[in-house]
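Participant: Let me see the structure of the following:
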Amino acid sequence: MNKKLVYVDEVPFWMTADGRLEVAELRNGRVVEHIMLRTSHGLQLLRS
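Facilitator: Residues are numbered from 1 along each chain as shown. Coordinates of the predicted model:
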């Protein structure tokens with residue numbers, strides 16, 4: 001899953017490999033990237 005961070009009218013979006021734009025989540029003014037781990041139980045969201 002390869003996403004690029006792009007800005008449209010100063011709003012951050014993730015551009016996906018198929019060209020879709022997804023709104024980027026901001027936390028304390030910084031962009032949050034969600035990381036998924038593949039485990040024996042399936043995909044799990046890595047939380048910090």
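Participant: From now on I want contacts and neighbour counts done on CA atoms only, so please keep to that.
Facilitator: Noted.
Participant: Can you list the low-confidence ranges for this structure?
Facilitator: Counting by pLDDT under 70, the chain shows low-confidence ranges at 1, 48.
Participant: residues contacting the residue nearest the centre of it?
Facilitator: When C-alpha atoms, centre = their mean is applied to the chain, the residue found nearest the centroid is Glu33 (4.3 Å). The contact partners of Glu33, taken as C-alpha atoms under 8 Å, 6 or more residues apart in numbering, are Ala24, Glu25.
Participant: Please tell me how far it sits from Ser40.
Facilitator: 23 Å (C-alpha to C-alpha, to the nearest Å).
Participant: what's the answer for Lys3, then?
Facilitator: Lys3 is 25 Å from Ser40, by C-alpha to C-alpha.
Participant: The two - which one has more neighbours?
Facilitator: Comparing Lys3 with Ser40 by other C-alpha atoms under 10 Å, the one with more neighbours is Lys3, at 16 against 7.
Participant: what's the neighbour count on the residue nearest to that one when sequence neighbours are not counted?
Facilitator: The spatial neighbour of Lys3 that comes closest, neighbours along the chain excluded (C-alpha to C-alpha, 6 or more residues apart in numbering), is Thr16 at 4.8 Å. By the criterion of other C-alpha under 10 Å, Thr16 has 14 neighbours.
Participant: Does Thr16 touch Val6 like I think?
Facilitator: No - at 10.3 Å, Thr16 does not count as touching Val6 under the criterion of C-alpha atoms under 8 Å.
Participant: State the distance from the residue in the chain sticking out farthest from the centre to Tyr7.
Facilitator: What lies farthest from the middle of the chain is Ser40; by C-alpha atoms, centre = their mean that is 23.0 Å. Distance of Ser40 to Tyr7, given as C-alpha to C-alpha: 36 Å.
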